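Asker: I need the structure of the sequence given here:
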Amino acid sequence: MAEQQNDKGSGPGQSRRSLLNKIWVGLGLVVLVELVWLVVSFLRPRRPSTEQDNESTVVLAGSAEGFDRNSVTAFPRGQFYLARLEDGGFLAISRKCTHLGCTVPWLEEEKRFACPCHGSTFDITGNVIHAPAPRALDLFPVAIENNVVKVNTVKRIKRNEFQASQVAYVKGT
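Answerer: Model prediction:
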């Protein structure tokens, strides 16, 4: 009888258990490989897109005459506002608050940018009117060629406050 129990333990039941153990080990290895892949993908820095060339990073805003003085126009594609100042100059102002990166809308009636997250406010040049934002809104370089306003959305300019040298003007005005 003892021999029959021994045979029973090493028969088809044992091979089934062995097969199930191998399947579980295989599944565990697959999960481990996927976890390692996810962690490595998360920690690896992004490579810049090879498709991105100068033309895809420069937003053609339009003709300089198309923008009224003392106005702000939103450009969702480049995630910036194009501000035309009272003196006719242009600033491309980032939509991200310098406090925690919330999107800052332009309030036309109040002529200011107001962060909905923590209450920072900025004037038309991006200068801080009311904290907690630690510094002025970032800028993007503006070039005006053949009366067409162009904004380079790759080169973000961090600044502490507005300076007149940051304004782009149409040549001859």
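
Asker: measure stretch 155-165 end to end?
Answerer: 17 Å (CA to CA, to the nearest Å).

Asker: what pLDDT, on average, does it get?
Answerer: For stretch 155-165, the mean pLDDT works out to 93.

Asker: for it, the distance to its chain's centre please.
Answerer: Its chain's C-alpha centre and that of stretch 155-165 lie 19 Å apart, by CA atoms, centre = their mean, to the nearest Å.

Asker: what is the burial count for Arg77?
Answerer: Residues within reach of Arg77, counting by other CB atoms under 10 Å, total 8. (C-beta placed from N, C-alpha, C; glycine too.)

Asker: in the chain, which helix is the longest?
Answerer: Longest helix of the chain, by residue count under DSSP state H: helix 12-43.

Asker: what about that one, distance to the chain center?
Answerer: Remark: helix 12-43 is offset 37 Å from the chain centroid, using CA atoms, centre = their mean.

Asker: all helices for this protein, in order.
Answerer: Ranges of helices in the chain, per DSSP H, are 2-9, 12-43, 54-57.

Asker: to Leu85, which of those lies closest?
Answerer: Among the helices of the chain, helix 54-57 comes nearest to Leu85, with 24.3 Å by CB to CB.

Asker: show me the strands in the protein, by range?
Answerer: Applying DSSP state E to the chain gives strands spanning 58-63, 71-75, 80-84, 90-94, 106-107, 112-114, 121-122, 128-130, 139-140, 142-145, 148-152.

Asker: can I get these in TSV including mean pLDDT?
Answerer: As requested, the strands of the chain are arranged in TSV below (pLDDT from 0 to 100):
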stretch	mean pLDDT
strand 58-63	93
strand 71-75	95
strand 80-84	97
strand 90-94	97
strand 106-107	96
strand 112-114	96
strand 121-122	96
strand 128-130	94
strand 139-140	96
strand 142-145	95
strand 148-152	95
